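Peer 1: this is a predicted model, with the sequence first.
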Amino acid sequence: MLLRQLRKHAPHVDPLAPEWRGFIAAVGATYQELQQENAFLAHTLEVTSSELTEANERIRRDGEREVASISDYYRQVLDAQQGMIVCVRKVDGEFITTLCRGDLARRLGHTPESVEGRTLAEVAHAANLDALLAAWERAWSGQDTFLTYRNGRTGIDVFAQMRPRYEHGRVTEVVASCVEITALKSAESELREAKDRAEAADRAKSEFLAVMSHEIRTPLNAVLGFASMLRESHLSPEHTVWVSTICTAGESLLTLIDDILDFSKIEAGRLSLLPEPVAVAPLLDAVGSIFQQRALAKGLTLETGFGPGVPAAVQIDPHRLRQVLINLVGNALKFTREGYVRLGVELVAAPAREGEPCTLRFTVADSGIGIPPDRQDRLFRPFSQVDSSTTRQFGGTGLGLAISQRLVRLLGGEIGFTSEPGRGSVFHFTVRAPVAALPERPPAAAAPADFPTGAALRILIAEDQLENRMLVEDFLRDRGYAPDVVENGRLAIEAATSRTYDLILMDLLMPEVDGLAASSAIRAHFGASRGPRIVALTANVFPEDRARCRAAGMDGLLAKPIDFKQLIRVLEGEAPSPETR
């Protein structure tokens, strides 16, 4: 081939000449070598390509087996898990289920064959469809979504957490993780029913306590009232002692009833506070005045003191604060034979900022018998005394300090004491209360300027209990009044709206129409002029009862057994003291 090319392109060259023959032979040999190398390379490429193809096929088969194994593993895991995993995609506005696995899915009647690849509308029960569609829509919009529903087909309660999955910044799928909460919902329902039953029982207990208070106080009102009237009549010295004993025993029974009722309400968590602006100094003076005569009778000095910086008024429940102070001062007088009882208050911590509470410490110190150290730990236990001889010598139920401790805690403070036998005790407690403006008596609590007094006072008594009607009526007639008397709220409304009265003494618990409803009806009848003053005569003495009386339009409340001094104040046109229980 080389010779042909030479003759064609270089005819003047003689390839057989000696100088060309060697060259042509060398070129031929080189060509032969090139052909051999080319054949070797072709063979090598063929073998390598075959090996690569086989290797690639082997890798592909291994990869497919591995993917199948992993897929089967995760499928088994998804199928074995107790809950349910559901994946959906949105295609042409329809939610298509791409995955539905788990033990919960089987219990809901779902299989991969019956669910996967189908729309949500085809799979979901009609009772759940709207809620599920709304939840999937929220999740598809990019929100983590939570849904609780009861499956309409099986009654199984399900909790679902739906989360969007993103690709390239857009939601491409929503994954829902679902668990069964039937047992939890059942327990929740049982707890709710138990709570409702407990609240109903608590309400029944509170109603029972209120009724018991009313039923016990009502006859006590007659006993103490008539005994008090007897004591003021012309009796022999011996009969005077007997009647005084009746009064003292009745008052002790009344105190016991109050303590038991208060303790029961506290233990039931039904005792609520009614804070209002309270002038501190007048409150302490009022407590001191209650015990002043008793202290003088025992030859004791009763003092009150105020530390520097004590605010003029604080926002607190006055009835509960007064109750604690009365209990502590009463105990101090009871256990002190000679010397003194001192009641004081001091500022412990001023408000850090305007509107925040200050801390006040009240103290009651005495020079009484003291408390032995080995018996001090039982002091705040309910129905407990320092020892049995204390009960025999001084009386009491052992409830007072237990009630005081719980009341102080409700007021945001703590109570404590120091004591030395033979030298006396110091009880102290703190309260936290915001500083308040000096309270003013509401205008509705006071009588009009032209309120008549004496025999000119036109009075209506509304009371269903015969003995209590007789008591109040006799008390008023002895003082020159001529009251009208009715035995229920309906008759009270008829009388008040058909005749003119200056004062209505209204019992609360009466047949047909109770005192609260009657008062509201009378106020509605008179409108802006308000009409007569209405004062409740009731055995319901808790602060919430006072609030209900005010809400019904009443001007005040006198607790049974009736304190005739307070009744006289009402007859003279004054408001009954809020301290009256």
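Peer 2: On my side now, so go ahead.
Peer 1: I'd say residue 181 and residue 151 touch.
Peer 2: No. With contact defined as C-beta atoms under 8 Å, residue 181 does not count as touching residue 151 (11.3 Å). Placement of C-beta: from N, CA and C, glycine included.
Peer 1: those two - which one has more neighbours?
Peer 2: residue 151 (19 against 16; other C-beta atoms under 10 Å).
Peer 1: now do that one, the pLDDT please.
Peer 2: Looking at residue 151, its pLDDT is 93.
Peer 1: which residues touch it?
Peer 2: Contact partners of residue 151, counting by C-beta atoms under 8 Å, 6 or more residues apart in numbering, are 108, 125, 128, 157, 158.
Peer 1: specify which member of the residues you listed is nearest to residue 253.
Peer 2: Closest approach to residue 253 among these (C-beta to C-beta): residue 157, at 55.6 Å.
Peer 1: OK, contacts around the closest one?
Peer 2: With C-beta under 8 Å, 6+ apart, residue 157 has these contacts: 148, 149, 150, 151, 180, 181, 182, 184, 185.
Peer 1: and the two most separated of those?
Peer 2: Across the contacts of residue 157 (C-beta to C-beta), the longest gap, 14.8 Å, separates 151 and 184.
Peer 1: on that earlier part again, among the contacts of residue 157, which are in strands?
Peer 2: Under the assignment DSSP state E, these contribute 148, 149, 150, 180 to strands.
Peer 1: what's the neighbour count on the third one?
Peer 2: Residues within reach of residue 150, counting by other C-beta under 10 Å, total 15.
Peer 1: separation between it and residue 562?
Peer 2: 59 Å (C-beta to C-beta, to the nearest Å).
Peer 1: quick one, what contacts residue 476?
Peer 2: 459, 461, 483, 571.
Peer 1: the third one reaches residue 469, doesn't it?
Peer 2: This means residue 483. No. Contact criterion C-beta under 8 Å: residue 483 and residue 469 do not qualify, at 9.6 Å.
Peer 1: mutual contacts of the two, please.
Peer 2: With C-beta under 8 Å, 6+ apart, residue 483 and residue 469 have common neighbours residue 461.
Peer 1: the longest helix seen in the chain: how far from the chain's middle?
Peer 2: If you go by DSSP state H, the chain has its longest helix at helix 18-80. Its chain's C-alpha centre and that of helix 18-80 lie 80 Å apart, by C-alpha atoms, centre = their mean, to the nearest Å.
Peer 1: who does that helix touch, helix- and strand-wise?
Peer 2: With contacts defined as 3 or more C-beta pairs under 8 Å, 6 or more residues apart in numbering; DSSP states H and E, helix 18-80 has these neighbours: helix 2-9, strand 94-101.
Peer 1: and these, which one's lowest on average pLDDT?
Peer 2: helix 2-9 (a mean of 69).
Peer 1: checking my notes, residue 475 in a helix, right?
Peer 2: Yes. Per DSSP: H, G, I helix; E, B strand; the rest coil, residue 475 lies within a helix segment.
Peer 1: what's in contact with stretch 114-134?
Peer 2: With C-beta under 8 Å, 6+ apart as the test, stretch 114-134 has contacts from 88, 94-100, 105, 110, 136, 147, 149-153.
Peer 1: can you rerun that using 10 Å?
Peer 2: Contact with stretch 114-134 is made by 86-88, 90-92, 94-101, 105, 108-110, 135-136, 145, 147-154, 158, 160, 162, 176, as judged by C-beta atoms under 10 Å, 6 or more residues apart in numbering.
Peer 1: emit the PyMOL select command for whichever of those are buried.
Peer 2: Buried residues among those (16 or more other C-beta atoms under 10 Å), as a PyMOL selection:
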select buried, resi 86+87+88+90+95+96+97+98+99+100+101+105+108+110+135+136+145+147+149+151+158+160+162+176
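Peer 1: that older thread, give me the subset of the contacts of residue 476 lying in helices.
Peer 2: residue 571.
Peer 1: pull the most distant pair out of the contacts of residue 476.
Peer 2: It's 461 and 571 that sit farthest apart of the contacts of residue 476, by C-beta to C-beta, at 12.3 Å.
Peer 1: shared neighbours of those two, which are they?
Peer 2: Common contact partners of residue 461 and residue 571 (C-beta under 10 Å, 6+ apart): 476, 503, 505.
Peer 1: from those, which single one is nearest residue 409?
Peer 2: residue 505 (37.4 Å).
Peer 1: what pairs with the helix or strand that closest one falls within, parallel or antiparallel?
Peer 2: Using DSSP states H and E, residue 505 maps to strand 503-507. For strand 503-507, the paired strands and their directions (DSSP bridges) read strand 459-462 (parallel), strand 533-538 (parallel).
Peer 1: and the angle for the longest helix of the chain with strand 94-101?
Peer 2: 80 degrees (axes from the mean of the first three to the mean of the last three C-alpha atoms, to 10 degrees).
Peer 1: I'd like the average pLDDT over the helix or strand following helix 18-80.
Peer 2: Next along the chain after helix 18-80, taking DSSP H and E as the criterion, comes strand 84-91. Averaging pLDDT along strand 84-91 yields 92.
Peer 1: against which helices or strands is strand 84-91 packed?
Peer 2: For strand 84-91, the packing partners by 3 or more C-beta pairs under 10 Å, 6 or more residues apart in numbering; DSSP states H and E come out as helix 18-80, strand 94-101, helix 103-107, helix 120-123, helix 126-140, strand 157-167, strand 170-180.
Peer 1: taking strand 157-167 as reference, get the angle to it.
Peer 2: Going by the same axes, to 10 degrees, strand 84-91 makes 50 degrees with strand 157-167.
Peer 1: ok now strand 84-91, how far from the chain's centre?
Peer 2: Centre-to-centre, strand 84-91 and its host chain are 41 Å apart (C-alpha atoms, centre = their mean).
Peer 1: can you give me the angle that strand makes with strand 170-180?
Peer 2: Using the same axes, to 10 degrees: strand 84-91 against strand 170-180 is 150 degrees.
Peer 1: partner strands of strand 84-91, parallel or antiparallel?
Peer 2: Its sheet considered, strand 84-91 pairs with strand 94-101 (antiparallel), strand 170-180 (antiparallel) by DSSP bridges.
Peer 1: can you redo those strands as JSON lines with distance to residue 488?
Peer 2: Output for the strands paired with strand 84-91, formatted as JSON lines (distance: least, C-beta to C-beta, whole Å):
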{"stretch": "strand 94-101", "distance to residue 488": "68"}
{"stretch": "strand 170-180", "distance to residue 488": "59"}
